[in-house]
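>>> what shape does this take:
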Amino acid sequence: MWFLARVAATALGISAFASPAGEPLAPAGTIVEFIGTCDASAAVVRDGGRFIVGDDEDNVLRVYDARNGGVPLATWDLSDALALARGKKKAPEMDIEAATRIGGVSLWLASHGRDSKGRLQPSRIVLVGTRTSEDGSLLLVGRPYRRLVDDLIANPALARLGLAAAAERAPKEPGGLNIEGMTALADGRSVLIGFRNPVPGGRALAITLQNPLDVLHGAAPRLGEPLHLDLAGLGVRAISWWRGAYLFLAGAHGDGGSSRLFTWSGAASDPPRAQPVDFHGLNPEAFVTFEDLDAFLVLSDDGSRLVDGVACKKLKEPSRKRFRGMWIRPAPAGTSSRITPP
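Predicted coordinates:
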């Protein structure tokens with residue numbers, strides 16, 4: 001039987017938890033605000049309870065304190081490194097939608113879809129690796145990879161999915177192409193990539209890329225067989241491998257609709273399990289999962305949230321921009337609670 005991992009999924013509940021140093025954090029279900037951007041779309045963890053977040057409206061990576069929120073502790077703009085500016089006043093957005101970490105390398109994956117009007121945007125078709133140097137600067141790992149869509153279309157095992165046609169459509173149109181999830185697997189080499197769109201046959205699509213670090217150094221990508229996951233007809237908004245299980249945020253392929261949290265053991269015989277978490281008022285789009293904490297953070301893309309009557313992403317002053325995160329802790333097996341943001 002094919003499987004990625006076999007563990008028991010658990011229900012979720014509310015309780016208090018502590019930082020690695022033993023300093024109490026807020027109770028699970030509490031909202032933390034992060035200042036400086038609105039459209040949190042992907043994140044990777046760092047040590048000391050920090051994380052780096054990518055934004056789908058600019059090319060800036062920002063470091064935050066997961067416990068305290070507030071302003072960024074550091075920022076890096078990928079535009080120049082990716083040669084996106086090219087003398088223009090504003091570089092085209094990379095549309096970062098997924099991220100994960102393998103060893104000391106952070107992987108950032110663009111949506112690989114067209115823009116909202118269905119126009120091809122090369123800046124959105126890229127896989128990037130980064131690492132931080134001893135002096136705190138950000139370095140690219142290898143070279144950005146820009147042929148993943150071509151690889152998906154050319155792969156015989158994926159031919160029946162119609163990805164060539166999907167790649168010609170706007171990402172939120174029915175049957176369009178839009179990648180929004182990625183997580184490192186337990187083998188420490190592979191990543192699982194999740195699609196928000198398409199959702200073939202009402203099942204969420206996920207594909208394994210077995211050698212992402214090698215790809216950044218010129219190797220041909222090795223793609224696994226596609227997975228078709230029952231996420232109640234929804235697509236993938238985010239994935240994280242955490243403490244021996246998969247976490248999925250699932251949502252509609254287009255705008256609107258509610259988001260849901262699923263856990264999955266990775267076994268083909270064990271379908272994903274919906275968890276009773278109420279995300280009302282949030283737009284969940286990324287996980288922050290520390291292995292040494294028994295709780296995880298769900299980040300909300302708050303670009304459309306109104307601030308003094310103006311959509312957050314339209315604000316000019318970074319000090320007025322913000323996004324939210326909600327802490328969630330799994331409860332003991334056999335128990336569950338509803339988590340409702342204030």
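
>>> please count neighbours and contacts with C-alpha atoms only from this point.
OK.

>>> now find how far off-centre stretch 224-242 is within its chain.
A distance of 12 Å separates the centroid of the chain from that of stretch 224-242, by Cα atoms, centre = their mean, to the nearest Å.

>>> can you measure across that stretch, start residue to end residue?
Start-to-end span of stretch 224-242 (Cα to Cα, to the nearest Å) is 21 Å.

>>> what does stretch 209-229 give?
17 Å.

>>> so which bits of that stretch are buried?
209-213, 215-216, 221, 223-224, 227-229 (16 or more other Cα atoms under 10 Å).

>>> hmm, who's touching that stretch?
Residues from elsewhere that reach stretch 209-229 (Cα atoms under 8 Å, 6 or more residues apart in numbering): 128-129, 141-145, 151, 155, 157-158, 189-193, 203-208, 271-272.

>>> just the buried ones among these, please.
For the contacts of stretch 209-229, buried by 16+ other Cα under 10 Å: 128-129, 141, 144-145, 158, 190-193, 203-208, 271-272.

>>> so of the contacts of stretch 209-229, which ones are in strands?
Using DSSP state E, the subset of the contacts of stretch 209-229 located in strands is Val128, Gly129, Val191, Leu192, Ile193, Ala204, Leu205, Ala206, Ile207, Thr208.

>>> which members of the residues you listed are the farthest-apart pair?
Distance extremes for the ones in strands among the contacts of stretch 209-229: the farthest pair is Gly129 and Ala204 at 25.7 Å, using Cα to Cα.

>>> Ile153 contacts Ala166, doesn't it?
No. Using Cα atoms under 8 Å, Ile153 is not in contact with Ala166; the gap is 9.8 Å.

>>> what number of residues are in the vicinity of the residue lying closest to Ala159 once chain neighbours are set aside?
Once flanking residues are discounted, Ala159 sits nearest to Ile153: 6.6 Å by Cα to Cα, 6 or more residues apart in numbering. For Ile153, the neighbour count with other Cα atoms under 10 Å is 19.

>>> one more: Val149?
16.

>>> repeat for Glu317
For Glu317, the neighbour count with other Cα under 10 Å is 10.

>>> would you mind measuring from Pro72 to Ala206?
Distance, Pro72 to Ala206, by Cα to Cα: 32 Å.

>>> which pLDDT does the model give the residue nearest to Ala252 when sequence neighbours are not counted?
Take Ala252 and drop its neighbours on the chain: the residue closest to it by Cα to Cα, 6+ apart is Leu234, 5.2 Å away. We have a pLDDT of 97 for Leu234.

>>> so what's Leu234 up against?
Leu234 touches Arg196, Val199, Gly202, Arg203, Ala204, Ala250, Gly251, Ala252, His253, counting by Cα under 8 Å, 6+ apart.

>>> those, buried ones only, as a PyMOL selection?
In PyMOL, this line selects whichever of the contacts of Leu234 come out buried by 16+ other Cα under 10 Å:
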select buried, resi 196+199+203+204+250+251+252+253
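
>>> ok, so of the contacts of Leu234, who is nearest Leu185?
The closest of the contacts of Leu234, once distances to Leu185 are taken by Cα to Cα, is Ala204, at 18.1 Å.
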